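[1] pasting the sequence and the predicted coordinates here, then a few questions.
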Amino acid sequence: MRVGILELLSTPARTWSDAAYHLVMTKQYASVMPQAIAAWCRRRGHQVFYATYYGVGDPRRLLPDDLDVVFVATYTQASALAYALAKLYRRAGVTTVIGGPHAKAFPDDCLRFFDLAVGSCDEETIADILAGSYAPGAFVATERPLGDLPSIAERLPEVRASAFAYGRAVPSTTIPLLASTGCPYRCEFCIDRDAPDRLLSLDRLAADLRFAATRFPGTMVGFHDPNFAVKFDAVLDVMET
């Protein structure tokens, strides 16, 4: 299958200064999960097209027209743009799937425009979506804890596409990582309030940090944990090695 993954990092820039900021800074906010989905799809032999939209240019041109499935990740402020893109893709016969913070917070609203909305997923969930296991209009959320994520090495095509400039790491390049998921607190305003905190593999984290330090010395890594301080000492011990 031809699978597209598009992450919306911003609404369209309104001024030249906005565009410059998005090009330098917003571009570096790419998330881990869209990149993981791209890697999971590649593992299963699908042809994958990944892109991020950071407020510059036409987002519709970032992916090919002849896709079978498109995954869109967005936060709420950019949801109207996601809905507009979904209408265009569905008109072309593409199966549309939305994930990210907005899909988890407002799944019913998302399903007015998308075929599927995803609240939480793992590799098996993505495989089921591509196999057509869910009827249109379904909200998909696995109860399985996220066990592991593709390494930086496996996500390198997506890291290059999102954070590099002309194929090279630049001073602003940031590689996204996850050391843990969930949170022990139950703040009512937070989409992670119902996700138990769980530390991911420290061996994988150590391998990722070694890979980044060896291949791209001086490059920043950004931790996207819902609550980084939950397992602070354990993660810092790995970083210090």
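    Perfect, I can see it now. It should be emphasised that the depicted structure is a prediction, and the values quoted were computed from it without experimental measurement.
[2] what's the neighbour count on A82?
    A count of nearby residues for A82, using other Cβ atoms under 10 Å, gives 25. In this view, the C-beta of every residue, glycine as well, is placed from N, C-alpha and C.
[3] next one: phi and psi at it?
    Here the main-chain torsion angles of A82 (degrees, to the nearest 10) amount to phi -60, psi -40.
[4] same check on Y166?
    Dihedral angles of Y166 (phi, psi; degrees, to the nearest 10) stand at phi 50, psi 40.
[5] swap in G119?
    For G119, the backbone dihedrals (degrees, to the nearest 10) come out as phi -90, psi -40.
[6] next, the contact list for it, please.
    With contact set as Cβ atoms under 8 Å, 6 or more residues apart in numbering, G119 has these partners: 99, 103-104, 107, 139-141.
[7] can I get the buried part of those residues as one PyMOL selection?
    Isolation of the buried members of the contacts of G119 (16 or more other Cβ atoms under 10 Å) is achieved in PyMOL through the command below:
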select buried, resi 99+103+104+107+140
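[8] from the contacts of G119, which is closest to P176?
    For the contacts of G119, the closest approach to P176 (Cβ to Cβ) belongs to G99, at 15.2 Å.
[9] you'd agree G222 is up against S172?
    No - with contact taken as Cβ atoms under 8 Å, G222 and S172 are classed as non-touching, separated by 11.2 Å.
[10] and K87, how many neighbours?
    12.
[11] please report phi then psi for it.
    Reported as degrees, to the nearest 10, the phi and psi values for K87 are phi -60, psi -40.
[12] what is the burial count for the closest residue to it other than its chain neighbours?
    For K87, ignoring the flanking residues on the chain, the nearest one in space by Cβ to Cβ, 6 or more residues apart in numbering is F113 at 6.3 Å. With neighbours defined by other Cβ under 10 Å, the count for F113 comes to 20.
[13] next: C187.
    Here the number of neighbours of C187 (other Cβ under 10 Å) works out to 9.
[14] residues in contact with it?
    For C187, the residues meeting the contact criterion (Cβ under 8 Å, 6+ apart) are R193.
[15] name the residue closest to the centre of the protein, please.
    P34 (2.7 Å; Cα atoms, centre = their mean).
[16] that one: which element?
    The secondary structure element spanning P34 is helix 32-43 (assigned by DSSP states H and E).
[17] what lies in contact with that helix?
    Helix 32-43 is contacted by residues 3, 5-7, 48, 50, 52, 71, 73, 99-100, 121, 123, 126-127, 130, 149-150, 154-155, 157-159, 162, 176-178, 224 when judged by Cβ under 8 Å, 6+ apart.
[18] tell me which of those fall in helices.
    Among the contacts of helix 32-43, the residues falling in helices (DSSP state H) are 123, 126-127, 130, 157-159, 162.
[19] for the closest residue in space to D115 that isn't next to it in sequence, which three-state class applies?
    Spatially, and ignoring its direct neighbours in sequence, D115 is nearest to P136 (4.4 Å; Cβ to Cβ, 6+ apart). Using DSSP: H, G, I helix; E, B strand; the rest coil, the three-state assignment for P136 comes out as coil.
[20] isn't P136 right up against R112?
    No - because the distance of 11.9 Å does not satisfy Cβ under 8 Å, P136 is recorded as not touching R112.
[21] show the contacting residues for L67.
    Contacts of L67 (Cβ under 8 Å, 6+ apart): 2-4, 49, 89, 94.
[22] closest one of those to D66?
    The closest of the contacts of L67 to D66 turns out to be R2 (Cβ to Cβ; 6.4 Å).
[23] distance of the closest one relative to P226?
    In this view, R2 and P226 are 32 Å apart by Cβ to Cβ, to the nearest Å.
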